[in-house]
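Undergrad: Sequence first, then the predicted structure:
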Amino acid sequence: MKRRERAVRAIRALAVAVVAVLALTACAGLPLTGTVQGGRSTGEQLPGPDFLRLPDRPQPGATPEEIVDGFLRAGAGPVSDWARAREFLAPALRDTWDPTAGVIIEPTGTTRTPVAVGENAVEVAVAPTATVDATGVYEPATGGTLPLRFELLQQADGEWRISQAPDGIVLDRDSFVTAFDRYTLAFFDPTWEYLVPDERWFPTTNAPTRIAAALVDGSPVEWLAGSVVSAFPDSVALSPTAVPVSLGEAQVSLNEAALTLEQLTLDRMQTQLDESLASAGVTRVQMRVGSSDVDAGTVAVRSTRVAAQPLVVTADGFGFLTGDELDPVPGLSDALEQAAQVDALQLSPDRVFAAARFAEDGSTGRVDADGDVQVFDQRPGLTAPTIDPFGYVWTVPEATPSAVRAWVPSGPIEIANAWPGAASISAMALSRDGTRLAAAVTVGGRTTLSVAGVIRDGDGVPSGLGDPVVLGDLEGPVSSVAWLDDSSVAALVDAGTEPRLREQVVGGEGTESAAPVGADTLAGGNSASTLRVHTDQGGLFIRRGANWTQTAEGIAVLATQQGSPR
């Protein structure tokens, strides 16, 4: 267990215990979770500016309410460790207040009204739409309001300063995307074949140092921790912690424990650092111990990219659609022509088999390139099947979300801890690296887009799911869920008057937009911009800017891809 993990769990346990009325002390943190009262809903996300603001300093003669308001506004300025915000604090608190303990994010344009309560106290009601914890983990909030309490003292010069305040900062969405950015920590899947993204949000100042600390001295996000591995052993730490960057090259200094590691471990560490720090614009990483460079290269990892062409079933058969031409998949196109009609199809990464749901009776099975067809799940109400990179076909009935099975020709594996408490599941999809399962599930009448880590051994054999986390609410029945890339997932929602498309970064923000009329199936590509949508009239659509453009007709099935051959 990494040394920070125990502390992070303690912080989260404390946050869960927060109640609506919170007595804040100087060392207390912002209530990142807890009971809330009804409030505003989340608005549509807007792009943020690409510069850092310099907040105003305290004004002479400011009232306690004005001091608290200025302090909260100054949270948008991370320069010099939030030096401007510290000007609003009394000397005894100035050095101990920790702005990195967490972030409460409010809607853009939120107006806060500090209210005096008693002689020397001020309360502010905040309306969180999301929170970020001390490790950079982003979580959506359920809406409503929370009161924050500040205590103030009048200084010898007559000016008011804050003597007690929660650790952390409060930002509206616009200020948040100015002061913070999304960065990717890279871990391995349990087979060491794939790099798996773990999205974090850090202040844009000193981002390489924060990323390296989270990777080397930290742990994966809790819900994913049982599904990924890291090459960095507990004995290895940053020494010193600062990661200087010059001309795109980052120097990552480690303690002497790194000198005892075998070459493969060092190479995997180098691979994780290269991928993680690239998200901060670093082009080269040099590991060091003391004044000596560590000799390490990178290891080969499997790509999760898919073919750019849509994969479809038409009257002419099964294959990749290029213009008006259909390029068959060797072996499989012929095999599917001989098989029963399908209404859902997913292609394995090596393209040697496909998982299919058969239209006549809703059963699922696999069709192999050699012509073999195996029907292995005939339970009623099955969702579209999904394939992992190790040859398993995953199935689940809509009415029994806990009954997830992973099939190979020799038989099924019952997946433990699948969607606990869920009453129904309308669609699910595995990430192409096989570490995460996204689904539209309904729990207690609330339908959400959720994700859970996949538990498997070093040979890729699955056994269960980790505890799921909610990515966002879905307002209506869901017909399709698909991964857009390694970090984003989408759901197609029937909102009544028109279909809606929910796009969600796993560990980040989500957006909702209109989908084509009659949309029923999604297929991701290599980025969110290459998403394709199939309609019940056989149309195939792609998004161009804010509009949907039809690129083909007569499409019986829009299939999905789970990777490409090595």
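TA: That came through fine.

Undergrad: where in this protein is pLDDT low?
TA: 1-53, 496 (pLDDT under 70).

Undergrad: need the longest strand for it.
TA: strand 446-456 (DSSP state E).

Undergrad: For it, list every residue counted as buried.
TA: For strand 446-456, a neighbour-count test (16 or more other C-beta atoms under 10 Å) marks 447-456 as buried. From N, CA and C alone the C-beta is placed, and that goes for glycine too.

Undergrad: which SSE is the closest residue to L326 other than its chain neighbours in?
TA: Spatial nearest neighbour of L326, excluding adjacent residues (C-beta to C-beta, 6 or more residues apart in numbering): G319 at 4.4 Å. Using DSSP states H and E, G319 sits in strand 317-322.

Undergrad: Okay, buried residues for that strand please.
TA: 318-321.

Undergrad: What of stretch 455-470?
TA: 455-456, 460, 462, 464-466, 468-469.

Undergrad: Which ones among those residues lie within strands?
TA: Per DSSP E, the buried residues of stretch 455-470 map to strands at 455-456, 462, 464-465, 469.

Undergrad: May I see those organised as a markdown table, with distance to G391 added?
TA: A markdown table is the format used below for these (distance: C-beta to C-beta, whole Å):
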| residue | distance to G391 |
| --- | --- |
| I455 | 17 |
| R456 | 12 |
| P462 | 11 |
| G464 | 18 |
| L465 | 19 |
| V469 | 27 |
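
Undergrad: Any idea which residue is closest to the centre of this structure?
TA: V506 (1.7 Å; C-alpha atoms, centre = their mean).

Undergrad: which residues does that one contact?
TA: 197, 199, 436, 438, 451, 471, 487-489 (C-beta atoms under 8 Å, 6 or more residues apart in numbering).

Undergrad: what's the spacing between it and Q263?
TA: To Q263, V506 is 33 Å away according to C-beta to C-beta, to the nearest Å.

Undergrad: Equivalent analysis for L531, please.
TA: 41 Å.

Undergrad: before we move on, what about P385?
TA: P385 is 40 Å from Q263, by C-beta to C-beta.

Undergrad: the more surrounded of those two?
TA: The residue with more neighbours, out of P385 and Q263, is P385; 26 against 10, by other C-beta atoms under 10 Å.

Undergrad: Pull the contacting residues for that one.
TA: P385 neighbours (C-beta under 8 Å, 6+ apart): 344, 346, 355-357, 364, 377, 393-395.

Undergrad: repeat that with 7 Å
TA: With contacts defined as C-beta atoms under 7 Å, 6 or more residues apart in numbering, P385 is in contact with 344, 346, 355, 357, 364, 393-395.

Undergrad: Same check on W483?
TA: 429, 431-432, 438, 489, 524.

Undergrad: follow-up on the earlier one: I'd like to know which of the buried residues of strand 446-456 is nearest to A83.
TA: Nearest to A83 among those is V451, at 38.0 Å by C-beta to C-beta.

Undergrad: ok, that closest one touching G466?
TA: No - contact criterion C-beta atoms under 7 Å: V451 and G466 do not qualify, at 9.6 Å.

Undergrad: hmm, back to that, each with direction, which strands does the strand holding G319 pair with?
TA: Based on DSSP bridges, the pairing partners of strand 317-322 within the sheet are strand 311-314 (antiparallel), strand 325-328 (antiparallel).

Undergrad: Alpha carbons only: can I get the last one in CSV?
TA: Extracted as CSV, the C-alpha positions of strand 325-328 are listed here (Å, rounded to 0.1, in the frame of the first residue of the first chain):
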residue,chain,number,x,y,z
GLU,A,325,-17.5,0.1,-50.7
LEU,A,326,-17.7,-2.7,-48.1
ASP,A,327,-14.3,-4.2,-47.2
PRO,A,328,-14.9,-7.7,-45.7
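
Undergrad: following that strand, which helix or strand comes up?
TA: Immediately after strand 325-328, counting by DSSP H and E, sits helix 332-338.

Undergrad: what's next to that next one, contact-wise?
TA: Counting by C-beta under 7 Å, 6+ apart, 317-319, 351, 354, 367-369, 371 sit against helix 332-338.

Undergrad: let's see 10 Å
TA: The contact list for helix 332-338 (C-beta atoms under 10 Å, 6 or more residues apart in numbering) reads 313, 316-320, 326-329, 339, 342, 345, 347-348, 351-354, 356, 367-373, 557, 559.

Undergrad: The closest residue to R432 other than its chain neighbours: how many residues sit nearby?
TA: Counting by C-beta to C-beta, 6+ apart, T304 is the residue found nearest to R432 once chain neighbours are left out, at 3.9 Å. A count of nearby residues for T304, using other C-beta under 10 Å, gives 22.

Undergrad: got the buried residues for stretch 150-158?
TA: Neighbour-count burial for stretch 150-158 [16+ other C-beta under 10 Å]: 150-153.

Undergrad: follow-up on the earlier one: distance of the residue nearest to the centre of the chain from L540?
TA: From V506 to L540 the distance is 26 Å (C-beta to C-beta).
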